[in-house]
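Q: With the sequence up front, the predicted model follows.
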Amino acid sequence: DAKTTQPTSMDCAEGRAANLPCNHSTISGNEYVYWYRQIHSQGPQYIIHGLKNNETNEMASLIITEDRKSSTLILPHATLRDTAVYYCIVRYNTGGFKTIFGAGTRLFVKA
Amino acid sequence: EAGVAQSPRYKIIEKRQSVAFWCNPISGHATLYWYQQILGQGPKLLIQFQNNGVVDDSQLPKDRFSAERLKGVDSTLKIQPAKLEDSAVYLCASSPASGGTKNIQYFGAGTRLSVL
């Protein structure tokens, strides 16, 4: 099972880029990296996912290293509303593409 | 597009009582998930349905927890009898399919259960 390691918490100044790292050194070739976030008292929300190439959408950018053993989620201009727990997940195939959440990174965006 | 609906939002019961949670997934989503989230931890998958069949229930405490998905749409999760350690938020999610790149899961707001 590919597992992920994330820092417990991070701070970011409002308006600056937030760079959230994730280590997934045991990832296998057909496993995707997914990012979700969970704002207080809400269910997790999908942000972005990728396999090999860097990805960008309206919410964030995902940078995956060439060896795929780590990735970084980038929120280009963090706002106070981005304060949340961010989960990096490697989705592995056990017949049902089980999704396992770790403890995530608690991001505090400060004014 | 309507999101995943869950009810109730909050429930307080005493230990050894029974409780049931309801989930209505996004229309057309084949896969439905129930997660348990204990305070300070990430969500833990309890059970995953593909249409109305169970794909994975390896972490469901089957001596007290049960779940069903009627006609491949709505689902209920039941706990009978409840224990103190069942206090958690129970999250329901759905996705269009379980494989490929379509496994983006959409979560409901959850049901917060307190067992006293």
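A: Right, received. Where do you want to start?
Q: Show me the shaky parts of chain B.
A: Within chain B, the stretches with pLDDT under 70 are B:1, B:97-102.
Q: which helices and strands does the helix or strand containing A:Ile63 pack with?
A: Here A:Ile63 is covered by strand A:61-64, with elements defined by DSSP states H and E. Judged by 3 or more Cβ pairs under 8 Å, 6 or more residues apart in numbering or on different chains; DSSP states H and E, the packing partners of strand A:61-64 are strand A:32-38, strand A:45-50, strand A:55-56, strand A:70-75. C-betas here are computed from N, CA, C, even on glycine.
Q: what sits up against that strand?
A: Here strand A:61-64 makes contact (Cβ atoms under 8 Å, 6 or more residues apart in numbering or on different chains) with A:33, A:35, A:48-56, A:70-74, A:76.
Q: again, but for stretch B:107-116
A: With Cβ under 8 Å, 6+ apart, stretch B:107-116 has contacts from A:41-45, B:3-15, B:19, B:21, B:23, B:37, B:79, B:82-93.
Q: okay, now A:Ser9: neighbour count?
A: Neighbourhood size, A:Ser9 [other Cβ atoms under 10 Å in any protein chain shown]: 11.
Q: Report the contact partners of A:Tyr36.
A: When contacts are counted by Cβ under 8 Å, 6+ apart, A:Tyr36 touches A:44-47, A:86-87, A:89, A:101, B:105.
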